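Trainee: any chance you can model this:
(chains A and B)
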Amino acid sequence: MIHQLKKDIEAHLTAAIFEAYQLEVSVIVEEPKKPILGDLSVPVFSLVKAAKIRLDSAVAFVLSSLEQLQEPKRIAQVAVMGGFINLTLDRKVVGRDLIKSFLDDPDLVQILQPVHPETICIDYSSPNIAKPFSIGHLRSTIIGHAIGNLYEKCGHRVVRINHLGDFGTQFGKIIYSYIHFGDQARIEKNPIQELAELYVAFHEQAKDHPEMEEEARRIFKELEQGNPEYVRLWQWFRQESLKDYMHVYEKLHVAFDSYDGEAFYNDKMAEVIDLLHQQGLLKQDSGAMIVDVGADLPPALIQKSDGSTLYITRDLAAILYRKRTYGFDKVLYVVGNEQKLHFEQLKRLVEKMALGYHESIIHVNFGLVLQDGKKMSTRKGKVVRLIDVLDEAVQLSRNYIEEKNPDLPDKESIAEKVGVSAVIFNDLKNFRGNDFEFDLEEMVNFVGQTGPYLQYTSVRINSILSQADFVFDGALDDAWFERDYVYDIIKAIDLYPQTIERSANEYAPSILAKYLLNLASLFNSYYGKEKILVDDLRERNTKLHLLYMVKTVLNDGMHLLGMQVIDHM
RNA sequence: GACUCGGUAGCUCAGCCGGAUAGAGCAACGGCCUUCUAAGCCGUCGGUCAGGCGUUCGAAUCGCCUCCGAGUCGCCA
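Mentor: The predicted structure is shown next:
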């Protein structure tokens, strides 16, 4: 609402300046940091400079233009401070308007309706078969899931794709390892653990026996060509891994529209290579087939000298398939920073092939989870299993419940929801591009800027609402909106729709996460100041309206981030 | 070595398409539970925005250089 007013003022002033000076000055209306200065602020420096006029004439010009704006009610006060013109809005009107629009469209379907609904493919999670589901894949999973939710909320169609890492030379390695030192019974008992150990064992042995690498590549090539024994082992490993992953996804409440991994594209590779060949892009280089993708990037390796394919070949096949199958407007790859070059190459390949959609390929990169300041390595067996972290978080959550609320009826279910959500929120609250050091204590922290803080705030509100009956009858004590700490909450709620849009457009769930923390903090601060359930019905009803809005926004926001919403804890 | 990303309070981070006195949480210290859930609230302490130069009325924000950290750099994914 305030956002709309801001846009209106910007448009009005830009037009007025053009009319008076024939100058295209794009006026920016900003929000002053200090609330005492007002709700909106117009700096006039750009006009001074462009029109080469004095500061005071620029101020006078803007002031008179503002008077012509058809804005009878909302702007209550205009004050000039140096080169800034500060506008203060009528808090009663803002509060009433907000509540009205909130009640008219509580799910924001009208406000967030896109001009052009798009189809967005999101490639995320994508764990590597036969390896434990690690913290690294947690990041991709929950960032991708949240971005998908955000786009859906904005009215777009989202296709969620789990591009399983179920193919490639790594399987040559594991199969080699299994044949030479594997044990069927042990794998059946504890598949992921054993398979991961086989993978580590391979790399340990290969240090002294480099010919093993060659052998692994040969096995993969045969797997690719359909060697029945290798295919059987591969299917077995894949199936066992998938079972394990589904367990994790269940805990995280994420699901996908497609689980077509790399292997799915095995029979679609020839098409890609033919296409590259026809366009004369493919060339041979020391036995392998490569494509030059420009002087600023290293060439892309499409086919190994033994004829088998690579990661990028499969990604290329996948994008062709996805364009045909889903007709995406955008395809997002939620994959770590370390693969930046890979996606630059992929994008360039698509551009070189003149397919016309290279601009819609977006690498939504995220920071690495470090251990002792360095990247974790599956090859050396240095991974942290997600399931262990989740278990730890749920246990801590149980402890809190025993300490704070031992009579809670459904302890176990709440403990699970709080613990898992804490881990999810901890990952989403900071900008995704930042690397971070693995720190279990930080991940399962429940105090301060955390998931449980948001849940707790919502629960507190819920507790009050459940003790009161109130009706949305519009009978409001609007004088109450004048109070700073109330008005701050109103302004924060008003900001919710644009926060969702920004969060989606920048592929940054952290924007929403920070917003929710701020809203919760404003509410808790208010909660400490005033009693809600007062005797005066009109006042009470007004407060309950506000609480209802805060709770609705908090719950909706948490849901978008992939957290579990609860009503008591 | 080249390229990419980063360096803001003791720690974890916001702010970065230039705007007014750089903000949160944690930690530390001091308060607040006979009244709506204290997983909370209030207060105190804490800054050469890595360093330098430049552009500008105005720089944490833009440009260049230096230092430091991480990642990547054809037969892994």
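
Trainee: got a list of what the residue in the stretch 151-300 of chain A that RNA strand B sits nearest to touches?
Mentor: Minimum separation of the stretch 151-300 of chain A from RNA strand B (CB to the nearest atom of the strand) falls at A:Gly168, amounting to 2.4 Å. C-beta: built from backbone N, CA, C; applies to glycine. With contact set as CB atoms under 8 Å, 6 or more residues apart in numbering, A:Gly168 has these partners: A:Phe220, A:Glu262, A:Leu310, A:Tyr311, A:Arg314.

Trainee: 10 Å - rerun?
Mentor: Shown in contact with A:Gly168 (CB atoms under 10 Å, 6 or more residues apart in numbering): A:Asn128, A:Ile129, A:Phe220, A:Leu223, A:Glu224, A:Glu262, A:Ala263, A:Ser308, A:Thr309, A:Leu310, A:Tyr311, A:Arg314.

Trainee: quick check: phi and psi on it?
Mentor: Note on A:Gly168: its backbone torsions stand at phi 110, psi 180 [degrees, to the nearest 10].

Trainee: confirm that A:Gly294 sits in a helix.
Mentor: No. Applying DSSP: H, G, I helix; E, B strand; the rest coil, one finds A:Gly294 to be coil, outside a helix.

Trainee: what's the local residue count around it?
Mentor: Other residues lying near A:Gly294 total 12 when counted by other CB atoms under 10 Å.

Trainee: what ranges of the stretch 451-569 of chain A fall below the confidence cut-off?
Mentor: Scanning the stretch 451-569 of chain A with the threshold set as pLDDT under 70 gives A:472, A:474.

Trainee: need the residues of it near RNA strand B, please.
Mentor: A:452-453, A:456, A:459-460, A:462-464, A:467, A:510-511, A:514, A:517, A:521, A:524-525, A:527-528, A:530-533, A:567-569 (CB under 7 Å from any atom of the strand).

Trainee: please pick the buried ones from these.
Mentor: Among these, those buried by neighbour count (16 or more other CB atoms under 10 Å) are A:452-453, A:456, A:459-460, A:462, A:464, A:510-511, A:514, A:517, A:527, A:532, A:569.

Trainee: now those in a markdown table, with secondary structure?
Mentor: Listed next are those as a markdown table, based on three-state DSSP:
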| residue | secondary structure |
| --- | --- |
| A:Pro452 | helix |
| A:Tyr453 | helix |
| A:Tyr456 | helix |
| A:Val459 | helix |
| A:Arg460 | helix |
| A:Asn462 | helix |
| A:Ile464 | helix |
| A:Ser510 | helix |
| A:Ile511 | helix |
| A:Lys514 | helix |
| A:Leu517 | helix |
| A:Tyr527 | helix |
| A:Ile532 | coil |
| A:Met569 | coil |
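
Trainee: pick out the most distant pair among those residues.
Mentor: Largest separation among those by CB to CB: A:Ser510 and A:Ile532, giving 30.8 Å.

Trainee: the strands in chain A, which residues?
Mentor: Assigned by DSSP state E, the strands in chain A fall at A:40-43, A:75-81, A:84-89, A:119-123, A:157-161, A:282-285, A:288-291, A:300-303, A:330-336, A:361-366, A:369-371, A:374-375, A:436-437.

Trainee: in stretch A:17-32, what counts as buried?
Mentor: A:Ile17, A:Val25, A:Val27, A:Val29.

Trainee: pLDDT of that stretch, averaged?
Mentor: When pLDDT is averaged along stretch A:17-32, the result is 86.

Trainee: count the neighbours of A:Val115 for me.
Mentor: 5.

Trainee: no no, A:Gln68
Mentor: A:Gln68, neighbours per other CB under 10 Å, totals 9.

Trainee: interface residues of the stretch 301-450 of chain A facing RNA strand B?
Mentor: Residues of the stretch 301-450 of chain A lying near RNA strand B by CB under 7 Å from any atom of the strand: A:301, A:304-306, A:310-311, A:337-342, A:368, A:370, A:373-375, A:397, A:400-401, A:404-405, A:414, A:418, A:429-431, A:433-437, A:442, A:446-450.

Trainee: can you select the buried ones from these in ChimeraX?
Mentor: To isolate the buried members of these in ChimeraX, using 16+ other CB under 10 Å:
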select /A:301,304,310,311,342,368,397,400,401,414,418,429,436,446,449,450
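
Trainee: okay, and which of the residues of the stretch 301-450 of chain A next to RNA strand B map to helices?
Mentor: Cross-referencing those against helices under DSSP state H gives A:Tyr311, A:Lys340, A:Leu341, A:His342, A:Ser397, A:Tyr400, A:Ile401, A:Lys404, A:Ile414, A:Val418, A:Glu442.

Trainee: rewinding a little: give me the subset of the contacts of A:Gly168 lying in helices.
Mentor: Going by DSSP H, the helices hold A:Phe220, A:Leu223, A:Glu224, A:Tyr311, A:Arg314 from the contacts of A:Gly168.

Trainee: ok, the fourth one - contacts?
Mentor: Meaning A:Tyr311. A:Gly165, A:Phe167, A:Gly168, A:Thr169, A:Glu262, A:Leu301, A:Gln339, A:His342, A:Leu346.

Trainee: rerun at 7 Å
Mentor: Neighbouring residues of A:Tyr311 by CB atoms under 7 Å, 6 or more residues apart in numbering: A:Gly168.

Trainee: from A:Met353, how far out is it?
Mentor: Distance from A:Tyr311 to A:Met353, counting by CB to CB, to the nearest Å: 17 Å.

Trainee: with distance to RNA strand B added, can I get the buried residues of stretch A:17-32 in CSV?
Mentor: Listed next are these as CSV, based on distance: CB to the nearest atom of the strand, whole Å:
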residue, distance to RNA strand B
A:Ile17, 15
A:Val25, 11
A:Val27, 11
A:Val29, 10
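
Trainee: nearest to A:Gly280, of the residues you listed?
Mentor: Closest approach between the buried residues of stretch A:17-32 and A:Gly280, by CB to CB: A:Val25, at 49.8 Å.

Trainee: for the closest one, give me its contacts.
Mentor: Counting by CB under 7 Å, 6+ apart, A:Val25 has contacts A:Thr14, A:Ile17, A:Ser46, A:Leu47, A:Ala50.

Trainee: and for A:Ile99?
Mentor: A:Leu476, A:His545.

Trainee: next: A:Met269.
Mentor: If a contact means CB under 7 Å, 6+ apart, then A:Met269 has A:Thr309, A:Thr313, A:Ala317 as its contacts.

Trainee: so the second one makes contact with A:Lys304?
Mentor: Pointing back at A:Thr313 there. No. With contact defined as CB atoms under 7 Å, A:Thr313 does not count as touching A:Lys304 (9.5 Å).

Trainee: just for the stretch 301-450 of chain A, where's the confidence low?
Mentor: A:378-382.

Trainee: an error on my part: the question was meant for the stretch 1-150 of chain A.
Mentor: A:70-72.

Trainee: flag every residue of it that's near RNA strand B.
Mentor: A:30, A:32-34, A:37, A:41, A:43, A:45-46, A:49, A:81-84, A:86, A:128.

Trainee: how close does A:Ser92 get to RNA strand B?
Mentor: In this structure residue A:92 is Lys, not Ser. In this view, A:Lys92 and RNA strand B are 23 Å apart by CB to the nearest atom of the strand, to the nearest Å.

Trainee: burial of the nearest residue to A:Ser126 once chain neighbours are set aside, as a residue count?
Mentor: Excluding the flanking residues, the one nearest A:Ser126 by CB to CB, 6 or more residues apart in numbering is A:His163, at 4.4 Å. Residues lying near A:His163 (other CB under 10 Å) number 24.

Trainee: domain ranges for chain A?
Mentor: A:2-89, A:124-375, A:386-561 (automatic domain parsing).

Trainee: how long is the second one end to end?
Mentor: Domain A:124-375 has its terminal residues 20 Å apart, counting by CA to CA, to the nearest Å.

Trainee: got a quick ChimeraX command for the buried subset of the contacts of A:Val25?
Mentor: A single ChimeraX command suffices to select whichever of these are buried according to 16+ other CB under 10 Å:
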select /A:14,17,46,47
